[in-house]
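can't give you the sequence, but here's the structure:
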């Protein structure tokens, strides 16, 4: 029974993270829509975050 609870909790956490990510992405899209000068810095920042996430994923899966 405990493993079912843990897997349900993990699923809820993943769902919450997906929703928060969607809200953040929508906010950034609105910012770029209203202030086009922010587009390039945001692309560079999100690219850096993506590279860091990939590196962390590679390190933690080994």
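Structure received. Being a predicted model, the structure only gives us computed values, none of them experimental. Residues are numbered from 1 along each chain as shown.

which of the residues in the lengthiest helix in the chain are buried?
Assignment by DSSP state H gives helix 2-34 as the longest helix of the chain. By neighbour count on 16 or more other Cβ atoms under 10 Å, the buried set for helix 2-34 is residue 32. Any C-beta I mention is one placed from the backbone N, CA and C, and that applies to glycine too.

average pLDDT for it?
Helix 2-34 shows a mean pLDDT of 87 in the predicted model.

burial check on residue 39, number of neighbours?
Residue 39: 13 surrounding residues under other Cβ atoms under 10 Å.

okay, which residue is most central for the chain?
residue 21 (4.7 Å; Cα atoms, centre = their mean).

for that residue, give its distance to residue 14.
Using Cβ to Cβ, to the nearest Å, one obtains 10 Å as the distance from residue 21 to residue 14.

what about the residue nearest to the centre of the chain, distance to residue 53?
From residue 21 to residue 53 the distance is 12 Å (Cβ to Cβ).

now find how far off-centre the longest helix of the chain is within its chain.
Distance of helix 2-34 from the chain centroid (Cα atoms, centre = their mean, to the nearest Å) equals 7 Å.

list the helices and strands it packs on?
Counting contacts by 3 or more Cβ pairs under 8 Å, 6 or more residues apart in numbering; DSSP states H and E, helix 2-34 packs against helix 39-60.
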